[in-house]
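structure for this input, please:
(one chain, ligands or ions: 1)
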Amino acid sequence: TPVIGVLALQGDVREHLIALAAVDAVARPVRRPEELAEIDGLVIPGGESTTISKLAVLFGVMDPLRARVRDGLPVYGTCAGMIMLADKILDPRSGQETIGGIDMIVRRNAFGRQNESFEAALDVKGIAGDPVEGVFIRAPWVESVGAEAEVLAEHEGHIVAVRQGNALATSFHPELTGDHRVHGLFADMVRANRTAESL
Ligand code: GLN
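Residues are numbered from 1 along each chain as shown. Predicted coordinates for the structure are as follows:
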């Protein structure tokens, strides 16, 4: 059984822990650098990306995180977590850094303010069956992706889900819907990576 951490500095950590348990992963909150060594994959939750960035530096996990992601640790970021996985933010706030890992440029709060949050049915590549109900809360979109990144979903012409190697990112929050198929996709990525590493 893969052990999947949820970066627990700020944001909707609990919802991700529940979703991961539902797809048969051992889910645990991760805060300190030592804890990074014990996981097979990591989720970066939604919340506020500047706050997560500053706390990651403060807790001394920013550089270890970058190193683990560079080494191929499977990671999945939702919303603020997507921003954390972008190699570049179009409009960073002062002091805001990212972990990086996906060659993409994100625009923060692209879909509007908190009260313009919305839901939309999305076709997501790699997810069979009914459309995924996308919950967008002051969500970013992806302005552009590099050659290595694969677009998995768009909403009204804007990229809202991307995968590059072992890194997955969505503008929306599957952890809030009770539909665990996106977490299932990520858990499969983690399992495949574990198998590949043990060969
Ligand atoms: N707007 C937030 C940010 O810039 C993201 C919102 C979310 O994660 N729901 O970090």
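
now the end-to-end length of stretch 7-20.
Stretch 7-20 has an end-to-end distance of 13 Å (criterion: C-alpha to C-alpha, to the nearest Å).

what's next to that stretch, contact-wise?
Stretch 7-20 is contacted by residues 4, 6, 27-31, 42-48, 51-52, 55-56, 59, 61, 65, 78, 80-81, 173-176, 180, 183, 187 when judged by C-beta atoms under 8 Å, 6 or more residues apart in numbering. Yep, even glycine has a C-beta here, placed from its N, CA and C like the rest.

tell me if it is near the ligand.
No - Stretch 7-20 is not in contact with the ligand by C-beta under 6 Å from any ligand atom; minimum separation 6.6 Å.

for that stretch, buried residues please.
Within stretch 7-20, the residues scored as buried using 16 or more other C-beta atoms under 10 Å are L7, A8, L9, Q10, G11, D12, V13, E15, H16, L17, A19, L20.

before we move on, what about stretch 21-34?
A22, V23, A25, A27, V30, R31, P33.

can you check stretch 51-65 too?
Neighbour counts over stretch 51-65 (16+ other C-beta under 10 Å) mark I52, S53, K54, L55, A56, V61, M62, P64, L65 as buried.

nearest spatial neighbour of the third one, skipping sequence neighbours?
Read that as K54. Counting by C-beta to C-beta, 6 or more residues apart in numbering, K54 lies nearest to G95, which is 6.3 Å off, once chain neighbours are set aside.

my guess is V43 contacts C79. True?
No - look at V43 against C79 with C-beta atoms under 8 Å: they stay out of range, at 11.5 Å.

could you show which parts of this protein are in contact with the ligand?
With C-beta under 6 Å from any ligand atom as the criterion, the chain meets the ligand at residues G46, G47, E48, S49, C79, A80, I83, R108, N109, I137, R138.

partners of the residue nearest to T177 when sequence neighbours are not counted in the sheet?
In space, and not counting its chain neighbours, T177 is closest to E133: 5.2 Å by C-beta to C-beta, 6+ apart. Taking DSSP bridges as the rule, E133 bridges to A121.

what is the neighbour count of E133?
16 (other C-beta atoms under 10 Å).

and for the one 4 residues further on?
Residues near I137, counting by other C-beta under 10 Å, number 20.

so how many other residues sit close to the residue lying closest to it once chain neighbours are set aside?
Spatial nearest neighbour of I137, excluding adjacent residues (C-beta to C-beta, 6+ apart): S117 at 4.5 Å. Neighbourhood size, S117 [other C-beta under 10 Å]: 14.

what are the ranges of the helices in the protein?
Assigned by DSSP state H, the helices in the chain fall at 13-22, 33-36, 49-58, 62-70, 80-85, 181-198.

show me the buried residues of stretch 21-34 that map onto strands.
Here DSSP state E is the test, and those give A27, V30 as lying in strands.

surely I52 touches I44?
Yes - judged on C-beta under 8 Å, I52 makes contact with I44 at a distance of 7.3 Å.
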